[in-house]
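K.L.:
only the shape, not the letters, is given here:
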């Protein structure tokens with residue numbers, strides 16, 4: 001993948017962590033916006049009369065355009081540069097978040113989420129490319145883990161916002177979404193500062209260029225290994241199981257099934273990120289040290305179906321299930337993306353990442369729509385909490401298939417993966 005000139009080793013050591021901090025700050029606001037729907041889901045239903053299918057659509061529509069556009073986004077990052085595209089796409093996210101908060105009309109709100117999705121996935125590509133730019137050989141998984149932890153702090157803040165700013169939620173559905181737009185503005189500012197910082201650091205006459213390739217070619221897909229495609233299957237199934245639950249329906253689920261008030265339901269949902277914020281960077285460091293990505297992925301993917309079994313079939317203390325999801329989120333998040341970067345040649349990484357995110361977004365969109373439809377068909381509500389059973393069985397199925405894919409990956413890549421990439 002063609003990036004702008006790389007920073008020298010000396011500059012990376014001295015300035016790379018500052019660059020990563022700016023990217024992480026931008027990710028904080030971006031993740032907050034994504035997870036701003038779940039805390040207001042009940043109010044969208046009770047105050048605006050939205051169905052669960054409509055609520056699911058607000059997050060599904062984020063992913064639908066990226067089934068196609070995420071490949072174009074990767075090409076644009078390569079063509080116009082990491083910092084520039086990070087700032088531009090953060091600006092698009094700000095426009096989308098502002099439109100989402102502006103009106104109770106479902107179609108306009110969905111249009112805002114669509115705009116946000118168009119910007120956010122390309123923004124995420126730019127942030128991963130930024131980490132790879134500043135940490136090309138060492139500390140890769142640790143730096144990615146720290147950046148992801150900052151993003152998850154944004155999601156955690158969204159979950160806990162009913163507790164931290166109860167007056168905002170007491171005023172109805174709109175002020176919480178306006179707060180999300182403010183956080184989107186902070187993300188845009190951080191991305192713009194990163195662009196300036198990157199340009200100042202790269203063009204000081206001391207930097208050597210990275211190797212370049214010819215850009216995206218569909219024939220590159222033919223060179224990807226069975227291990228890569230198995231990792232893709234894990235990515236698709238695991239995210240389909242976890243994100244539609246955590247980011248769309250979980251808070252509403254806790255309110256209706258376990259009888260929790262909004263603030264306590266948000267706190268329960270935040271357990272995932274409380275678990276993962278500290279552990280993901282530590283596990284990233286462990287990945288760097290051991291190189292045993294497959295074993296870590298097996299442990300992480302095992303915990304997700306166990307969590308859904310606990311929540312649906314045991315149904316005593318949801319805290320246990322959410323801790324299991326948080327541990328899964330930590331383990332998989334720490335190993336998945338760094339492993340992807342090591343299973344393909346450097347010149348094909350942009351293509352590989354684009355293919356993964358195309359399929360991932362299709363799965364997330366489908367999962368949100370399927371879960372909302374299952375809830376509506378089965379009459380899921382506070383008066384009928386059993387109606388959520390079909391949704392939970394659907395998530396359990398996705399996560400169990402993801403576990404199977406991970407076991408196959410462990411068989412294909414049982415040992416240590418070093419810093420070398422291969423296309424075989």
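P.N.:
Right, received. Where do you want to start? This is a predicted model, so every value here is computed, not measured.

K.L.:
chain neighbours aside, what residue packs nearest to residue 174?
P.N.:
Closest residue in space to residue 174, ignoring its immediate chain neighbours: residue 101 at 6.2 Å, by Cβ to Cβ, 6 or more residues apart in numbering. The C-beta positions use only the backbone N, C-alpha and C, and glycine is treated the same way.

K.L.:
and that neighbour, what does it touch?
P.N.:
Residue 101 sits next to 112, 174, 177, 178, 180, 181 when contact means Cβ atoms under 8 Å, 6 or more residues apart in numbering.

K.L.:
10 Å instead, please
P.N.:
33, 36, 109, 112, 173-182, 184 (Cβ atoms under 10 Å, 6 or more residues apart in numbering).

K.L.:
before we move on, what about residue 234?
P.N.:
Residue 234 makes contact with 297-298, 300-301, 332, 336, 339, 401-409, according to Cβ under 10 Å, 6+ apart.

K.L.:
and residue 238, by the same measure?
P.N.:
297, 300-301, 304, 328-329, 332-333, 336, 360, 363, 398-399, 401-403, 405-406.

K.L.:
if we go to 7 Å?
P.N.:
301, 304, 332, 399, 402 (Cβ atoms under 7 Å, 6 or more residues apart in numbering).

K.L.:
so the nearest residue in space to residue 56 that is not next to it in sequence is in which element?
P.N.:
Counting by Cβ to Cβ, 6+ apart, residue 372 is the residue found nearest to residue 56 once chain neighbours are left out, at 2.8 Å. Applying DSSP states H and E as the criterion places residue 372 in helix 349-377.

K.L.:
against which helices or strands is that helix packed?
P.N.:
If you count contacts as 3 or more Cβ pairs under 7 Å, 6 or more residues apart in numbering; DSSP states H and E, helix 349-377 packs onto helix 52-63, helix 66-80, helix 106-134, helix 226-244, helix 318-343, helix 389-412.

K.L.:
would you mind putting those helices into JSON lines with distance to residue 201 alongside?
P.N.:
Output for the helices and strands packed on helix 349-377, formatted as JSON lines (distance: least, Cβ to Cβ, whole Å):
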{"stretch": "helix 52-63", "distance to residue 201": "32"}
{"stretch": "helix 66-80", "distance to residue 201": "18"}
{"stretch": "helix 106-134", "distance to residue 201": "9"}
{"stretch": "helix 226-244", "distance to residue 201": "32"}
{"stretch": "helix 318-343", "distance to residue 201": "22"}
{"stretch": "helix 389-412", "distance to residue 201": "37"}
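
K.L.:
circling back to that earlier point, and the two most separated of the contacts of residue 234?
P.N.:
The two members of the contacts of residue 234 with the most space between them (Cβ to Cβ) are 339 and 401, at 19.0 Å.

K.L.:
neighbour count: those two, which is higher?
P.N.:
Set residue 339 next to residue 401 and count neighbours by other Cβ atoms under 10 Å: residue 339 wins out with 23 against 19.

K.L.:
excluding chain neighbours, what is closest to the more buried one?
P.N.:
residue 293 (3.9 Å).

K.L.:
same question for residue 108.
P.N.:
Residue 108 sits nearest to residue 99 (Cβ to Cβ, 6+ apart), 6.5 Å away.

K.L.:
now do residue 388
P.N.:
In space, residue 388 is closest to residue 380, 4.5 Å off (Cβ to Cβ, 6+ apart).

K.L.:
got the confidence number for that neighbour?
P.N.:
Listed pLDDT for residue 380 reads 92.

K.L.:
swap in the one 4 residues further on?
P.N.:
According to the prediction, residue 384 has pLDDT 95.

K.L.:
how about it, phi and psi?
P.N.:
phi -140, psi 70 (degrees, to the nearest 10).

K.L.:
gap between it and residue 372?
P.N.:
15 Å (Cβ to Cβ, to the nearest Å).

K.L.:
circling back to that earlier point, so which of the contacts of residue 101 are in helices?
P.N.:
Mapping the contacts of residue 101 onto helices (DSSP state H) picks out 33, 109, 112, 174-182, 184.

K.L.:
about what we covered before: and the buried ones among the contacts of residue 234, selectable in PyMOL?
P.N.:
Entered in PyMOL, the line below selects the buried ones among the contacts of residue 234, by 16 or more other Cβ atoms under 10 Å:
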select buried, resi 297+298+300+301+332+336+339+401+402+403+405+406+407+408+409
